[in-house]
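Colleague: Sharing a model prediction with you, sequence too.
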Amino acid sequence: QYLNTLKFMQKSNLALTQYLKYCVVFMVFIFTNNYKVTAQRTAVYEDETRIYQRAIELFDKEKYVAAQKHFEMFVGKSKDQVYIVNAKYYAATCAMELANNDALKLFQGIIKMYPQYDKAELAKFQLGKYFYRNKDYKKAVKWFSDFDNGYLSESQLLEYYFIKGFCNFKTDNFDESQKAFKNIKDQKTKYYEAVNYYYGYVSYRQANYNEALEHFARVKNHKTFGPLSNVYVAQIYFAKKDYAQVIKYCDTITNNDVAIDVAGMLGQSYYIQGNYEKALPYLVKYMNEAPAAPSRNDFYRLAYAFKVNKQYDKAVDNFLKIQEEKDTLSQYAFFQLAESYLVMDKKPNAKTAFTKCIGLGFVAKLNEESLFNMAKLNYEVGSNSSALTSLTSFIETYPKSTYISEAKSLVSNLLLTTKNYKEAIRILESIADKDEKDLSILQKIYYYRAEELYLQNDYKTASEFFDKVLAAGNYNKLMLALSHFWLAEISYKDSGFANA
């Protein structure tokens, strides 16, 4: 029995030992497999991380081809949605930097598939840049308008405001452009000169001239924007009628693209200052090369400059190019045309021009001078009847004119010629400031009137006029002597022998 029991126990121990052995083997198997799975998972994670980090390194170094490959490799391996979206965003950015055709599609895909992620907003920013670079400014404005700029870094925000301002500027949305530029115009960044130039230009367009000058001054030394801004600075001073400053700034402009505009401003500035000699070449250049048809004022300025510079033929040609209208410009043009004809000794032409000037009648001073000159022309060409009518009309209309004495003198000469001595004396005696020529003529008319009265047997009145001849001065000795003779004769006739 004992032996049987012992044998049974031996068999039982053997089974237990075997069982324990199997358990140990099974535990080792389970542990080993779990270790391998964990190790494999760790290796995969470490591999993904290494790829992503390498991609970022390449991206930061602007090695976009290699960076894009690594980002795409990461997307193919990773299961982490956040990092996948990031990798797709950076891969699309690489495509854009490389000017690849699929960049647009990649960004649009991110916006459509992952609208809840930050990178979807950043994709909109990149699309704005994409269209800006491709000069499709309207689409760039559209993407920047539908965008939350709170996701941008400081450097991206600067770029965002610049691009938004520039694209609005290029699409003539000047108010929006100025709003964008205003956020960065005072920051000394790489955009400083460009932003201040465009901001100044918008202010210039809005006629905010002082603000425009302030911002143009910030770029005056810039190689590109300095010369460009000088044109607008000159135009601002021209609008402000500060012609000295116009000339100063125009002298610094070397851009041939605006040479005609500069010539126009310089010509007008010198003209307004009365420096017609300097004005003339600029006015000629502007008129010969102006992109648009010259105005009536342009022709007048050029004609007048030619006239002052004694180039009368050219002055007449340009005065005649001014389309006649019922306004002051036409009246001035006819007056200047008439004066040019006078210098050229074309008296009939001058008379016609003075007549047209009077007919317009807008400017009193021109009416006065034209009427006097026309009357004088009639006198000079021997149209005595017309001259007397126009001179008389002038004297009656403009009794306080600076030409009144000369007009009366001319009338007296005409009356002397027609032997209307009585009227001639009345007019000459009314001249306030008589010169020696007037006094000489008056002495002569006194004598002829005295003779006329003597022959009419009006000795008393004749004596009065002979006395006036003697009192008038020593202009005509023969008439002085004759006056003494006739006074003696009249005294003799009156039995005043002693006096005779």
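Modeller: Nice, thanks for sending it over.

Colleague: Thought residue 395 was touching residue 407, still the case?
Modeller: Yes. Residue 407 is within contact range of residue 395, at 5.4 Å (criterion: C-beta atoms under 8 Å). Every C-beta, even on glycine, is put in place using the N, C-alpha and C of the backbone.

Colleague: Compare neighbour counts for those two and give me the winner.
Modeller: Using other C-beta atoms under 10 Å, the more surrounded residue of residue 407 and residue 395 is residue 407, with 25 against 20.

Colleague: which outside residues touch stretch 278-293?
Modeller: For stretch 278-293, the external contacting residues (C-beta atoms under 8 Å, 6 or more residues apart in numbering) are 260, 263-264, 266-271, 294, 298-299, 301-302, 305-306, 309.

Colleague: immediately after the helix or strand containing residue 416, which helix or strand?
Modeller: Using DSSP states H and E, residue 416 falls within helix 404-417. Toward the C-terminal end, the helix or strand that comes next after helix 404-417 (DSSP H and E) is helix 421-429.

Colleague: average pLDDT for that next one?
Modeller: For helix 421-429, mean pLDDT rounds to 83.

Colleague: repeat for stretch 192-200
Modeller: For stretch 192-200, the mean per-residue pLDDT is 97.

Colleague: ok, residues contacting it?
Modeller: By C-beta under 8 Å, 6+ apart, stretch 192-200 touches 162, 165-166, 169, 177-178, 181-182, 184-185, 211-216, 218-219, 222, 224-225, 228-229, 232.

Colleague: mind redoing it with 6 Å?
Modeller: The contact list for stretch 192-200 (C-beta atoms under 6 Å, 6 or more residues apart in numbering) reads 169, 181, 184, 185, 212, 215, 216, 218, 219, 222, 225, 229.

Colleague: right, and out of those, which lies closest to residue 356?
Modeller: residue 212 (44.2 Å; C-beta to C-beta).

Colleague: contacts for the host helix or strand of that closest one?
Modeller: Using DSSP H and E, residue 212 sits within helix 209-217. Contact partners of helix 209-217, identified using C-beta under 6 Å, 6+ apart, comprise 196, 199, 200, 203, 204, 229, 233, 236.

Colleague: Closest to residue 67 out of those residues?
Modeller: residue 196 (35.1 Å).

Colleague: Next, that closest one: phi, psi?
Modeller: Main-chain dihedrals, residue 196, degrees, to the nearest 10: phi -70, psi -30.

Colleague: burial of it, as a residue count?
Modeller: Residues near residue 196, counting by other C-beta under 10 Å, number 23.

Colleague: residue contacts, residue 426?
Modeller: Neighbours of residue 426 in contact, by C-beta under 6 Å, 6+ apart: none.

Colleague: Mind checking which of the contacts of stretch 278-293 land in helices?
Modeller: Using DSSP state H, the members of the contacts of stretch 278-293 that fall within helices are 260, 263-264, 266-271, 298-299, 301-302, 305-306.

Colleague: Can I have the buried ones of the contacts of stretch 192-200 as a ChimeraX selection?
Modeller: Listed next is the ChimeraX selection for buried residues among those, using 16 or more other C-beta atoms under 10 Å:
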select :169,181,184,185,212,215,216,218,219,222,225,229
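
Colleague: Output the contacts of stretch 192-200 as CSV; include the columns pLDDT and distance to residue 275.
Modeller: Below are those laid out as CSV (pLDDT from 0 to 100; distance: C-beta to C-beta, whole Å):
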residue, pLDDT, distance to residue 275
169, 96, 38
181, 97, 39
184, 96, 44
185, 96, 38
212, 96, 27
215, 97, 31
216, 95, 26
218, 96, 32
219, 95, 31
222, 92, 32
225, 93, 31
229, 91, 26
